[in-house]
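Enquirer: build me a structure from this.
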Amino acid sequence: MRTLRTRWTAIAPLLALAALAACSPAADSGDDGGAAADQTSQDDAQGVDIEGVESFYGEYGDYTTVMAAIQAGDVTAEDLEYPFVAQQDHVDIATDWDGQPPVYDLVPPAGGNHLSAWQTCTGSVYDAPLVDGNAVHSLEHGAVWLTYDPELVAPEAVDALALLVQGRDYSLMSPYPGQGPAVSLQSWGNRYQTEDPADPAIEAYLDEFILNERFNPEAMATCAGGVSTTVES
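Expert: Model (predicted):
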(Lines give C-alpha, C1' and ligand atoms only; values in the text may rest on other atoms or scores of the structure.)
Protein backbone atom coordinates (compact mmCIF):
# COMPACT_ATOMS: atom_id res chain seq x y z
CA MET A 1 0.00 0.00 0.00
CA ARG A 2 1.35 3.40 -0.91
CA THR A 3 2.16 5.53 2.11
CA LEU A 4 -0.01 8.65 2.35
CA ARG A 5 1.35 11.84 3.78
CA THR A 6 -0.16 13.08 7.03
CA ARG A 7 -1.45 16.62 6.94
CA TRP A 8 -1.16 18.66 10.14
CA THR A 9 -4.56 20.01 10.98
CA ALA A 10 -4.19 21.16 14.58
CA ILE A 11 -5.03 24.79 15.27
CA ALA A 12 -2.07 25.32 17.61
CA PRO A 13 0.60 25.88 14.92
CA LEU A 14 -1.66 28.28 13.04
CA LEU A 15 -2.23 30.37 16.16
CA ALA A 16 1.47 30.35 17.00
CA LEU A 17 2.48 31.40 13.51
CA ALA A 18 -0.20 34.08 13.41
CA ALA A 19 1.20 35.57 16.61
CA LEU A 20 4.70 35.54 15.18
CA ALA A 21 3.54 37.09 11.91
CA ALA A 22 2.09 40.03 13.79
CA CYS A 23 5.51 41.00 15.13
CA SER A 24 7.72 39.88 12.23
CA PRO A 25 9.23 42.53 9.93
CA ALA A 26 8.27 42.47 6.28
CA ALA A 27 10.78 40.96 3.89
CA ASP A 28 13.15 43.41 2.24
CA SER A 29 12.26 43.72 -1.44
CA GLY A 30 15.05 46.09 -2.36
CA ASP A 31 18.31 44.75 -3.72
CA ASP A 32 17.02 41.28 -4.62
CA GLY A 33 13.95 42.39 -6.56
CA GLY A 34 15.31 41.35 -9.95
CA ALA A 35 16.43 37.94 -8.69
CA ALA A 36 13.05 37.39 -7.06
CA ALA A 37 11.28 38.18 -10.33
CA ASP A 38 13.51 35.77 -12.20
CA GLN A 39 12.85 33.04 -9.62
CA THR A 40 9.10 33.58 -9.84
CA SER A 41 9.24 33.09 -13.60
CA GLN A 42 11.20 29.88 -13.08
CA ASP A 43 8.63 28.61 -10.58
CA ASP A 44 5.72 29.42 -12.92
CA ALA A 45 7.41 27.52 -15.72
CA GLN A 46 7.74 24.43 -13.56
CA GLY A 47 4.23 24.42 -12.16
CA VAL A 48 5.14 25.16 -8.53
CA ASP A 49 2.48 27.27 -6.86
CA ILE A 50 4.64 28.55 -3.99
CA GLU A 51 6.42 31.74 -4.96
CA GLY A 52 10.16 31.65 -4.31
CA VAL A 53 10.74 27.90 -4.47
CA GLU A 54 14.12 27.09 -6.03
CA SER A 55 14.30 24.14 -8.40
CA PHE A 56 17.62 22.52 -9.27
CA TYR A 57 16.32 20.44 -12.18
CA GLY A 58 16.89 23.09 -14.83
CA GLU A 59 14.92 22.61 -18.05
CA TYR A 60 13.75 19.16 -16.95
CA GLY A 61 11.62 20.52 -14.14
CA ASP A 62 11.44 17.45 -11.88
CA TYR A 63 13.09 14.20 -10.90
CA THR A 64 10.84 12.01 -13.01
CA THR A 65 11.60 13.94 -16.19
CA VAL A 66 15.35 14.28 -15.68
CA MET A 67 15.76 10.58 -14.90
CA ALA A 68 13.74 9.65 -17.98
CA ALA A 69 16.09 11.83 -20.07
CA ILE A 70 19.14 10.19 -18.51
CA GLN A 71 17.79 6.70 -19.10
CA ALA A 72 17.00 7.61 -22.71
CA GLY A 73 20.60 8.74 -23.22
CA ASP A 74 19.62 12.34 -23.90
CA VAL A 75 21.77 13.70 -21.07
CA THR A 76 24.08 12.50 -18.30
CA ALA A 77 24.05 13.59 -14.69
CA GLU A 78 27.39 15.31 -15.23
CA ASP A 79 25.86 17.44 -17.99
CA LEU A 80 23.32 18.96 -15.60
CA GLU A 81 23.91 22.30 -13.92
CA TYR A 82 23.20 20.57 -10.60
CA PRO A 83 24.26 16.93 -11.03
CA PHE A 84 23.25 16.07 -7.47
CA VAL A 85 19.58 15.74 -8.44
CA ALA A 86 20.50 12.47 -10.18
CA GLN A 87 23.21 11.23 -7.79
CA GLN A 88 22.01 8.65 -5.27
CA ASP A 89 25.02 6.50 -4.36
CA HIS A 90 25.66 5.37 -0.78
CA VAL A 91 29.20 6.61 -0.32
CA ASP A 92 29.91 4.58 2.81
CA ILE A 93 29.53 1.21 1.09
CA ALA A 94 32.18 1.97 -1.54
CA THR A 95 35.37 -0.03 -1.15
CA ASP A 96 37.47 3.13 -1.34
CA TRP A 97 35.42 5.14 1.19
CA ASP A 98 37.71 7.22 3.41
CA GLY A 99 35.34 7.17 6.39
CA GLN A 100 34.33 10.80 5.98
CA PRO A 101 30.69 11.80 5.38
CA PRO A 102 29.96 13.51 2.06
CA VAL A 103 30.43 17.26 1.74
CA TYR A 104 27.90 19.20 -0.31
CA ASP A 105 28.24 22.35 -2.40
CA LEU A 106 24.70 23.39 -1.47
CA VAL A 107 24.18 24.31 2.19
CA PRO A 108 21.94 22.83 3.48
CA PRO A 109 22.00 20.12 0.79
CA ALA A 110 18.92 19.22 -1.25
CA GLY A 111 20.07 15.92 -2.76
CA GLY A 112 23.12 14.02 -3.88
CA ASN A 113 25.17 10.99 -2.89
CA HIS A 114 24.69 10.22 0.79
CA LEU A 115 25.14 7.78 3.65
CA SER A 116 23.39 4.41 3.63
CA ALA A 117 21.44 5.16 6.83
CA TRP A 118 18.66 7.71 6.62
CA GLN A 119 17.72 10.09 9.42
CA THR A 120 14.45 9.13 11.08
CA CYS A 121 11.91 11.52 9.58
CA THR A 122 8.56 10.67 11.12
CA GLY A 123 7.72 14.22 12.11
CA SER A 124 11.04 14.26 13.97
CA VAL A 125 12.28 17.42 15.68
CA TYR A 126 15.98 17.39 16.61
CA ASP A 127 17.57 19.86 18.99
CA ALA A 128 21.07 19.62 17.49
CA PRO A 129 22.51 19.61 13.96
CA LEU A 130 22.35 16.43 11.89
CA VAL A 131 24.90 14.70 9.74
CA ASP A 132 24.08 16.00 6.26
CA GLY A 133 24.58 12.62 4.61
CA ASN A 134 21.87 11.00 6.77
CA ALA A 135 19.38 13.82 6.24
CA VAL A 136 19.91 13.76 2.46
CA HIS A 137 19.01 10.06 2.49
CA SER A 138 15.71 11.08 4.13
CA LEU A 139 15.08 13.49 1.27
CA GLU A 140 15.57 10.59 -1.12
CA HIS A 141 12.70 8.84 0.67
CA GLY A 142 10.40 11.78 -0.07
CA ALA A 143 10.86 13.77 3.14
CA VAL A 144 11.11 17.51 3.66
CA TRP A 145 13.88 18.73 5.97
CA LEU A 146 13.23 22.03 7.77
CA THR A 147 16.37 23.72 9.07
CA TYR A 148 16.81 26.97 10.97
CA ASP A 149 19.68 29.13 12.14
CA PRO A 150 19.42 29.24 15.95
CA GLU A 151 21.12 32.64 15.96
CA LEU A 152 18.36 34.10 13.77
CA VAL A 153 15.22 32.35 15.04
CA ALA A 154 13.89 33.07 18.52
CA PRO A 155 13.04 30.11 20.79
CA GLU A 156 9.31 30.77 20.60
CA ALA A 157 9.53 30.74 16.80
CA VAL A 158 11.43 27.44 16.92
CA ASP A 159 8.59 26.02 19.00
CA ALA A 160 6.03 27.22 16.45
CA LEU A 161 7.98 25.64 13.60
CA ALA A 162 8.23 22.39 15.55
CA LEU A 163 4.44 22.27 15.76
CA LEU A 164 4.31 22.20 11.96
CA VAL A 165 6.62 19.18 11.83
CA GLN A 166 5.60 17.10 14.84
CA GLY A 167 3.14 14.38 13.89
CA ARG A 168 3.71 14.89 10.17
CA ASP A 169 5.29 11.77 8.69
CA TYR A 170 8.10 12.25 6.14
CA SER A 171 9.34 15.45 7.73
CA LEU A 172 12.19 16.37 10.04
CA MET A 173 13.57 19.54 11.58
CA SER A 174 16.93 20.54 13.01
CA PRO A 175 19.10 23.58 13.70
CA TYR A 176 21.67 24.41 11.03
CA PRO A 177 24.00 27.14 12.36
CA GLY A 178 25.35 29.50 9.73
CA GLN A 179 23.09 28.31 6.92
CA GLY A 180 22.42 31.89 5.79
CA PRO A 181 18.65 32.48 5.86
CA ALA A 182 16.67 32.10 9.06
CA VAL A 183 14.65 29.13 7.79
CA SER A 184 15.31 26.73 4.92
CA LEU A 185 13.23 23.81 3.67
CA GLN A 186 14.85 21.11 1.55
CA SER A 187 13.31 18.30 -0.46
CA TRP A 188 15.00 16.31 -3.23
CA GLY A 189 16.01 18.88 -5.87
CA ASN A 190 14.02 21.79 -4.43
CA ARG A 191 14.24 24.23 -1.57
CA TYR A 192 12.54 27.29 -0.09
CA GLN A 193 14.30 29.82 2.12
CA THR A 194 12.89 32.69 4.14
CA GLU A 195 13.90 35.18 6.80
CA ASP A 196 10.42 35.01 8.37
CA PRO A 197 9.78 32.02 10.67
CA ALA A 198 6.06 32.79 10.45
CA ASP A 199 6.04 32.71 6.64
CA PRO A 200 2.87 30.80 5.59
CA ALA A 201 4.81 29.33 2.67
CA ILE A 202 6.65 27.11 5.17
CA GLU A 203 3.57 25.02 5.83
CA ALA A 204 2.58 25.22 2.16
CA TYR A 205 5.99 23.79 1.19
CA LEU A 206 5.56 20.89 3.60
CA ASP A 207 2.12 20.18 2.15
CA GLU A 208 3.33 20.40 -1.44
CA PHE A 209 6.64 18.55 -1.37
CA ILE A 210 6.29 15.76 1.18
CA LEU A 211 5.99 12.55 -0.88
CA ASN A 212 5.48 14.59 -4.05
CA GLU A 213 5.53 12.01 -6.84
CA ARG A 214 7.40 14.35 -9.22
CA PHE A 215 10.33 14.67 -6.82
CA ASN A 216 10.37 11.36 -4.96
CA PRO A 217 13.37 9.20 -5.95
CA GLU A 218 12.35 6.25 -3.75
CA ALA A 219 8.59 5.88 -3.68
CA MET A 220 7.26 3.92 -0.68
CA ALA A 221 10.61 4.00 1.16
CA THR A 222 10.11 4.40 4.89
CA CYS A 223 11.06 7.29 7.16
CA ALA A 224 10.94 5.12 10.29
CA GLY A 225 13.80 3.07 11.65
CA GLY A 226 16.64 5.37 10.62
CA VAL A 227 19.32 6.91 12.79
CA SER A 228 18.19 9.34 15.46
CA THR A 229 21.57 10.61 16.57
CA THR A 230 22.89 14.11 15.92
CA VAL A 231 26.40 15.47 15.49
CA GLU A 232 26.46 16.12 19.25
CA SER A 233 25.37 12.64 20.34
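Enquirer: what's the distance between the residue nearest to the spatial centre of the chain and Val136?
Expert: When C-alpha atoms, centre = their mean is applied to the chain, the residue found nearest the centroid is Gln186 (1.3 Å). Distance, Gln186 to Val136, using C-beta to C-beta, to the nearest Å: 8 Å. Using the backbone N, CA and C atoms, a C-beta is placed for each residue, glycine as well.
Enquirer: what is in contact with these two at once?
Expert: Both Gln186 and Val136 are in contact with Pro109, where contact means C-beta atoms under 8 Å, 6 or more residues apart in numbering.
Enquirer: hmm, back to that, which secondary structure elements does the helix or strand hosting the residue nearest to the centre of the chain contact?
Expert: For Gln186, the element it lies in under DSSP states H and E is strand 183-187. When contacts are defined as 3 or more C-beta pairs under 8 Å, 6 or more residues apart in numbering; DSSP states H and E, strand 183-187 sits against helix 132-140, strand 144-148, strand 190-194, helix 201-209.
Enquirer: to Glu59, which of those lies closest?
Expert: strand 190-194 (15.1 Å; C-beta to C-beta).
Enquirer: which residues are in contact with the closest one?
Expert: By C-beta under 8 Å, 6+ apart, strand 190-194 touches 27, 48, 50, 52-56, 106, 108, 110, 180-185, 201-202, 205, 209, 215.
Enquirer: of those, select the buried ones using a PyMOL command.
Expert: Command for PyMOL that selects the buried part of those, burial taken from 16 or more other C-beta atoms under 10 Å:
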select buried, resi 48+50+52+53+54+55+56+106+108+110+181+182+183+184+185+201+202+205+209+215
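Enquirer: output the lowest mean pLDDT helix or strand found in this protein.
Expert: Lowest mean confidence among the helices and strands of the chain (mean pLDDT, DSSP states H and E): helix 33-45, at a mean of 43.
Enquirer: report the rounded mean pLDDT for the very next helix or strand once past that helix.
Expert: Next along the chain after helix 33-45, taking DSSP H and E as the criterion, comes strand 54-55. For strand 54-55, mean pLDDT is 98.
Enquirer: one more: stretch 60-79?
Expert: Mean predicted confidence for stretch 60-79 is 97.
Enquirer: mind listing what's buried in it?
Expert: Of the residues in stretch 60-79, those buried (16+ other C-beta under 10 Å) are Tyr60, Gly61, Asp62, Tyr63, Val66, Met67, Ala69, Ile70.
Enquirer: the third one and Phe84, how far apart?
Expert: Read it as Asp62. In terms of C-beta to C-beta, Asp62 sits 15 Å off from Phe84.
Enquirer: likewise for Gly52?
Expert: Gly52 is 21 Å from Phe84, by C-beta to C-beta.
Enquirer: and Glu195, by the same measure?
Expert: 25 Å.
Enquirer: and those two? Which one has more around it.
Expert: Using other C-beta atoms under 10 Å, the more surrounded residue of Glu195 and Phe84 is Phe84, with 22 against 17.
Enquirer: how about the more buried one, phi and psi?
Expert: Backbone geometry at Phe84, expressed as degrees, to the nearest 10, gives phi -60, psi -20.
Enquirer: correct me if wrong: it contacts Val103.
Expert: No - in this structure Phe84 lies outside contact range of Val103 using C-beta atoms under 8 Å: 11.7 Å.
Enquirer: and of the buried residues of stretch 60-79, the nearest to Val158?
Expert: Among those, Tyr63 lies closest to Val158 (C-beta to C-beta), at 30.4 Å.
Enquirer: phi, psi of the closest one?
Expert: For Tyr63, the backbone dihedrals (degrees, to the nearest 10) come out as phi -60, psi -40.
Enquirer: my guess is it contacts Arg214, does it?
Expert: Yes - under the criterion of C-beta under 8 Å, Tyr63 makes contact with Arg214 at 6.5 Å.
Enquirer: I am finished for the moment; much appreciated.
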